[in-house]
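> mind looking at a prediction? Sequence and model below.
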Amino acid sequence: KAGVTQTPRYLIKTRGQQVTLSCSPISGHRSVSWYQQTPGQGLQFLFEYFSETQRNKGNFPGRFSGRQFSNSRSEMNVSTLELGDSALYLCASSLGALRGANTEAFFGQGTRLTVV
Amino acid sequence: GENVEQHPSTLSVQEGDSAVIKCTYSDSASNYFPWYKQELGKRPQLIIDIRSNVGEKKDQRIAVTLNKTAKHFSLHITETQPEDSAVYFCAASEASGGSYIPTFGRGTSLIVHP
């Protein structure tokens, strides 16, 4: 079974630009979560999508948005990039089953975004 | 919301020693506590987890303990080996709309010296 795939692996953008990152979950997984990882802040939750709907959201500005397609693939978009957005962006997929079920999260390799 | 504190931020041990990483959480509703290991340049991977109805869980050289009353949980690694060197993240989760959204600690960089 293929793991979680994120593309691209590396990205360099200029301040003010926008960027779109992609995440393909493990087959059968319906939940995709996105995290920002920086050396100082660790892993911070951005949002979670389940069945094409945003189900949970972290404390990030509206410049960060996402969506999920019918095949569970998810994209994350960051508009008006700032230097502080430079980070490793990780997505994680899980079954996202009903309350009480095991929902172990499997991470992708991440996209390293550098804003210059 | 949930807040997870993790200590120490860096832990240096000699090969063969034990290592202990401690985490505290704030939300008594949290009931799932996974631990992830992230080697340099690689993705975080689940190494062990514990649910709130269990006090301790072991898997070979690693074990996790949970004290719900005190709201703290710990990772114990015995007979450490150089390949255990990595960043370890603890997390606490509560069911939210049917899913578990973990809040992560800031990580512990474990260095095992041969």
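Looks like it arrived, so ask away. Here the structure is a predicted model, which means the values were calculated and not measured.
> and chain A, which residues reach chain B?
Within reach of chain B by C-beta under 8 Å from any C-beta of the partner chain, chain A has these residues: A:4, A:31, A:33, A:35, A:41-45, A:48, A:50, A:55-56, A:90, A:94, A:96-100, A:103-110. (Each C-beta comes from the backbone N, C-alpha and C, glycine too.)
> where are the low-confidence patches of chain A?
Along chain A, the parts satisfying pLDDT under 70 run over A:1, A:97-103.
> now do the strands in chain B.
Applying DSSP state E to chain B gives strands spanning B:4-7, B:10-14, B:19-25, B:32-38, B:45-51, B:56-59, B:62-67, B:72-77, B:86-92, B:95-96, B:99-100, B:103-104, B:108-113.
> how many residues are close by A:Gly66?
22 (other C-beta atoms under 10 Å in any protein chain shown).
> how about the nearest residue to it, chain neighbours excluded?
Excluding the flanking residues, the one nearest A:Gly66 by C-beta to C-beta, 6 or more residues apart in numbering or on different chains is A:Met76, at 4.5 Å.
> and A:Trp34, how many residues sit next to it?
A:Trp34: 25 neighbours (other C-beta under 10 Å).
> name the SS class of it, please.
strand (DSSP: H, G, I helix; E, B strand; the rest coil).
> which residues does it form a beta bridge with?
Using DSSP bridges, the bridge partners assigned to A:Trp34 are A:Phe47, A:Cys91.
> the one 4 residues further on too?
Note on A:Thr38: beta-bridge partners A:Gly42, judged by DSSP bridges.
> do I have it right that it meets A:Tyr89?
No - under the criterion of C-beta atoms under 8 Å, A:Thr38 is not in contact with A:Tyr89, lying 10.1 Å apart.
> picking that back up, show only the entries of the residues of chain A next to chain B found in strands.
Under the assignment DSSP E, the residues of chain A next to chain B contribute A:31, A:33, A:35, A:42-45, A:48, A:50, A:55-56, A:90, A:94, A:106-107 to strands.
> buried ones among these?
Buried members of those, scored by 16 or more other C-beta atoms under 10 Å in any protein chain shown, are A:31, A:33, A:35, A:42-45, A:48, A:50, A:55-56, A:90, A:94, A:106-107.
> let's see the pLDDT reported for B:Tyr100.
We have a pLDDT of 66 for B:Tyr100.
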